[in-house]
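[1] Could you work out the structure for the sequence below:
(2 chains)
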2 protein chains.
Amino acid sequence: MKLKLTSIAGSVVAPRGFLSAGVFCDIKRLGTGKGSNKGSKRDLALIVSEVPATVAGLFTTNQICAAPVKVCMERVKGGTAQAIVVNSGNANACTGKRGMEDALEMAAIAAAELHMPVRQVLVASTGRIGVAMPMNQVREGIVMASGRLGGAVDHADEAAEAIMTSDTRPKTVAVELRLGGKVVCIGGMCKGAGMIQPGMSLSGKRPAAMPSGLHATMLCFITTDAAIQPGALRIALREAVAKSFNRITVDGDMSTNDTVLVLANGLAGNAPITDRVARGVKAGEAAEGSAEFLGFVQALEHVCLELAKKIVRDGEGVHRVVTVRVSGAKSQRQADAAARAIANSPLVKTSWHGGDPNWGRIIDALGYSAATVVEEKVDIGYSASEGRRVLWSLKRGQPTKVPFAALCKAVAPTEFDLHANLNLGDGSAVMYAADLTEEYVDFNKGDVTDPKTLGG
Amino acid sequence: MKLKLTSIAGSVVAPRGFLSAGVFCDIKRLGTGKGSNKGSKRDLALIVSEVPATVAGLFTTNQICAAPVKVCMERVKGGTAQAIVVNSGNANACTGKRGMEDALEMAAIAAAELHMPVRQVLVASTGRIGVAMPMNQVREGIVMASGRLGGAVDHADEAAEAIMTSDTRPKTVAVELRLGGKVVCIGGMCKGAGMIQPGMSLSGKRPAAMPSGLHATMLCFITTDAAIQPGALRIALREAVAKSFNRITVDGDMSTNDTVLVLANGLAGNAPITDRVARGVKAGEAAEGSAEFLGFVQALEHVCLELAKKIVRDGEGVHRVVTVRVSGAKSQRQADAAARAIANSPLVKTSWHGGDPNWGRIIDALGYSAATVVEEKVDIGYSASEGRRVLWSLKRGQPTKVPFAALCKAVAPTEFDLHANLNLGDGSAVMYAADLTEEYVDFNKGDVTDPKTLGG
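    Modelled structure (predicted):
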């Protein structure tokens, strides 16, 4: 099924009945004793639905997980939510009992301001690890943001700015599609930059085939006016994240705070997508409503993948983005392991930075991955994008006659596809990966004379 | 048992009856069309015992493994060898059938020059991947080296220089000890620099608890005049490598060529250490000869660890070397996973480079490792070296009152120890790790205008 998606403006406020705001409340100041950051970028955002919405969430599988993540994991189980309060500048991770109290209080303050039950409010944080939340600033911020809520593009842009940390630009998307005769919108915003190799699951428990390793945290907030039941929304989100956020890596570090939340408020007026239909589709059964569910999943996937790619492109110090396509592995799991080995090898990543079509490092990474690899069967090549002609540098383990200059040209663009066919089976996997640059190192080595850059 | 080891000069020629040589034969020239490197550093070495020696070897567990590695794996099974021919500048990896013929021919040429059976000659290579060996140069080099063989310190230094690739200095060591009333010597040389996280085993098959991921190859050649049977030598080498080369990481990439070979020619005249005694010691039984075996293992471990640390210190772009000591894990395997997660995290490694005592990134890496971690139990601290006072930055998941400036001072030296106690069990593990610097990236991104820097 080919779905017609139209890009529109407005990100999280594009769907009917959503409001947002972003404010500056100086969250970073506390704990550094370095004076105020007045005039700095916004650091607190609110996303609010005018009516209670169906909710689903996916969270970091890191065993060390931040207080707001624990709060969300619990609350999304209820299946409904109406608001999300998010701050940057402080991750509220490794903050103990006090951290949990602060996360709950953030939600409580927002609930009071917004006149809704506290359990309808979700909370997310990103920034330094191990520093207590400056609750006076946060309280002031939430009050300010509540007073600024609106449904214009500017309101969405404020919110997208407020969740940035080392991101150099806000990351937003919104699409429109027709579902059962109704126009449905899905909007989203996210942040990333470093500590990026998410491995998210519904419960925070790591599935067997998860990456073993994400850090600056990725946060993503998606809104839609589709009518969909909670179980169906969970299935849709898991599918979409498996093919997007869980397929990206900047540095292979997995954060304590990774969170994807989606709110679906039903105001589009489509016939609700039911849990029963979603489970049926998962089990391979077609029924009335299947097409609508599949259409919704496809649109959600599109939104997640657009946002995920923006995270890789804006990763710390990133110059080149490479789509690693492994095929011919003995299984999907082996394909995943092979793609991650390539995508996280420092030597492969530095060769991308150097514009070096170095197949030796790629086959080396394949060889130490958990995937079965037979030297005499491996093909390695490059293309400009999916579906374009592949220029093979290695065929069946042997260098081809393609001139070195032609291979250099293939890896010169800021984005290209790398193909590795193991020729052993049907397993395939894709990873969206970043190169490793001097800027990444320089940015992350921090500045010990400025503790604000350290500790998280 | 405290063993008295005396450092001596001479590395691989320190033990009785060993000769070596290193020559320049211009191995890198071919394939680049860039003219001769005459006057460049030596690139071919020979190590020869005057009498047949007991041999043991450990090899990369990378599934893509170079032709010389395959030749050695097969030949060490015989239990004796008398010579090793080594080249730098070309890894003879991913070179197919021709590569295997070239590796066998290198050994055959050396055997003819040295007048010994061809199966007594081992071969090792390091350098570019995927380029055919320039056999005319190699042949000339082996003939030259055979004519220069000698037992003086200079001969050992030549050989140590000849195996260097991106190493900035030769790496050698030699010690003397008393074993059963006789003076025994163990000498060694090695090379490393990048693609360094060895996971070596006797057969090249990966044991369950091996790192999943090494590259510029590490090669190590050890000579001793101890009398020891092949099975005992294998057990000793496996023990020594498990505590040294398999505990280091520069970049987490595992090479196609990693090789450790040890030749023991028995000329010290000690009562031979038997396989039976070694197996007995492994099974926890003390018997006559146990003390000698244990003494030999301890000395071999010392030699391997000194060489392994030199590899980390001279790793590509390395500024700081950190000994990661994990304790209190639920098992040894979990401790190993936790130590490798810390040692290979780009964010932890860049913080070391920046002199940043960033416990947030360390606990984050612990959290995504395969080890069980409970936030409220984790201690993280620093000491100047083993046995010195530990300055704790985190105790039971809570930041301590140790001032930030004191922690910065603890991570300012070029070498320090990092302690992570999970407080969950008895498992402990040590990793010798390097920081991640702009120089590493700059070096490895290569220079596409000079193909000699590329492709391996």
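[2] did I read that right, A:Gly147 in a strand?
    No - going by DSSP: H, G, I helix; E, B strand; the rest coil, the assignment for A:Gly147 is helix, not a strand.
[3] residues near it, how many?
    10 (other CB atoms under 10 Å in any protein chain shown). (Each C-beta comes from the backbone N, C-alpha and C, glycine too.)
[4] Quote the end-to-end distance of stretch A:83-98.
    Using CA to CA, to the nearest Å, the end-to-end distance of stretch A:83-98 comes to 23 Å.
[5] buried sites along the helix or strand harbouring A:Val51?
    Assigned by DSSP states H and E, A:Val51 belongs to strand A:44-60. Buried residues in strand A:44-60, counted by 16 or more other CB atoms under 10 Å in any protein chain shown: A:44-49, A:52-60.
[6] next one: stretch A:59-72
    Neighbour counts using 16+ other CB under 10 Å place A:59-72 of stretch A:59-72 among the buried residues.
[7] ok but A:Lys41 is inside a helix, no?
    No - read with three-state DSSP, A:Lys41 is coil and lies in no helix.
[8] Can you pull the phi/psi pair for it?
    Dihedral pair for A:Lys41: phi -70, psi 160, per degrees, to the nearest 10.
[9] can you tell me how far the residue lying closest to it once chain neighbours are set aside sits from A:Val23?
    Excluding its sequence neighbours, the residue lying closest to A:Lys41 (CB to CB, 6 or more residues apart in numbering or on different chains) is A:Glu161, at 5.9 Å. According to CB to CB, to the nearest Å, A:Glu161 and A:Val23 sit 10 Å apart.
[10] list residues touching both of those two?
    Common contact partners of A:Glu161 and A:Val23 (CB atoms under 8 Å, 6 or more residues apart in numbering or on different chains): A:Arg42.
[11] Give me the below-cutoff pLDDT ranges for the stretch 151-300 of chain A.
    A:194, A:196-216 (pLDDT under 70).
[12] Could you pull out the strands in it for me?
    Under the criterion DSSP state E, counting those that start in this stretch, strands of the stretch 151-300 of chain A are mapped to A:171-179, A:182-191, A:200-201, A:219-224, A:248-249, A:259-264.
[13] Let me have those strands in JSON lines, adding mean neighbour count and distance to chain B as columns.
    Converted to JSON lines, the strands of the stretch 151-300 of chain A look like this (neighbours: other CB atoms under 10 Å in any protein chain shown; distance: least, CB to the nearest CB, whole Å):
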{"stretch": "strand A:171-179", "mean neighbour count": "21", "distance to chain B": "21"}
{"stretch": "strand A:182-191", "mean neighbour count": "25", "distance to chain B": "17"}
{"stretch": "strand A:200-201", "mean neighbour count": "22", "distance to chain B": "12"}
{"stretch": "strand A:219-224", "mean neighbour count": "29", "distance to chain B": "16"}
{"stretch": "strand A:248-249", "mean neighbour count": "26", "distance to chain B": "11"}
{"stretch": "strand A:259-264", "mean neighbour count": "29", "distance to chain B": "15"}
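[14] So which of these is nearest A:Trp392?
    With CB to CB as the criterion, A:Trp392 lies closest to strand A:248-249 of the strands of the stretch 151-300 of chain A, at 24.5 Å.
[15] roughly how far out does that closest one sit from the chain middle?
    9 Å (CA atoms, centre = their mean, to the nearest Å).
[16] in its sheet, what does it sit against?
    strand A:427-434 (parallel) (DSSP bridges).
[17] Show me the contact partners of the partner strand.
    A:247-251, A:308-309, A:312, A:315, A:318, A:320-336, A:338-340, A:342-344, A:349.
[18] Which of the residues you listed are buried? Put it as a ChimeraX command.
    A single ChimeraX command is used to select the members of the contacts of strand A:427-434 judged buried by 16+ other CB under 10 Å:
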select /A:247,248,249,250,251,308,309,312,315,318,320,321,322,323,324,325,326,327,328,329,330,331,334,335,336,338,339,340,342,343,344,349
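[19] Which of the contacts of strand A:427-434 fall within strands?
    Counting by DSSP state E, the contacts of strand A:427-434 place A:248-249, A:321-329 in strands.
[20] okay but A:Val321 is in contact with A:Val312, surely?
    Yes - contact status for A:Val321 versus A:Val312: in contact at 5.1 Å, counting by CB atoms under 8 Å.
[21] Closest to chain B out of the ones in strands among the contacts of strand A:427-434?
    A:Thr249 (10.5 Å; CB to the nearest CB).
[22] I'd say that closest one and A:Asn344 touch.
    Yes - under the criterion of CB under 8 Å, A:Thr249 makes contact with A:Asn344 at 5.9 Å.
[23] Look up the closest residue to A:Arg190, ignoring the ones flanking it.
    Not quite, residue A:190 is Cys, not Arg. Nearest residue to A:Cys190, sequence neighbours excluded (CB to CB, 6+ apart): A:Cys220, at 3.8 Å.
[24] How about the contacts made by the one you found?
    A:188-190, A:245, A:259-261, A:304, A:307.
[25] let's go with 6 Å and repeat that
    For A:Cys220, the contact set (CB atoms under 6 Å, 6 or more residues apart in numbering or on different chains) comprises A:190, A:260, A:307.
[26] and if you look at A:Val71?
    Contacts of A:Val71 (CB under 6 Å, 6+ apart): A:103, A:123.
[27] what's the pLDDT at it?
    If you check A:Val71, the pLDDT there is 97.
[28] so is it in a helix, a strand, or just coil?
    helix.
[29] what's the spacing between it and chain B?
    15 Å (CB to the nearest CB, to the nearest Å).
[30] again, but for A:Leu44
    Where chain B is concerned, A:Leu44 sits at a distance of 21 Å (CB to the nearest CB).
[31] Tell me where the stretch 351-456 of chain A has strands.
    Using DSSP E, counting those that start in this stretch, strands in the stretch 351-456 of chain A cover A:379-383, A:391-395, A:398-399, A:415-421, A:427-434.
[32] same for the shortest one, what does it pack against?
    If contacts are counted by 3 or more CB pairs under 6 Å, 6 or more residues apart in numbering or on different chains; DSSP states H and E, strand A:398-399 sits against no helix or strand.
[33] How about the first one?
    The contact analysis (3+ CB pairs under 6 Å, 6+ apart) places strand A:379-383 against strand A:391-395, strand A:415-421.
[34] hmm, try it at 8 Å
    The contact analysis (3 or more CB pairs under 8 Å, 6 or more residues apart in numbering or on different chains; DSSP states H and E) places strand A:379-383 against helix A:359-368, strand A:391-395, helix A:404-410, strand A:415-421.
[35] can you list the residues of the stretch 51-200 of chain A near chain B?
    Proximity of the stretch 51-200 of chain A to chain B (CB under 8 Å from any CB of the partner chain) is limited to residues A:61-65, A:91, A:93-94, A:96, A:128-130, A:194-195, A:199.
[36] Alright, that wraps it up for me.
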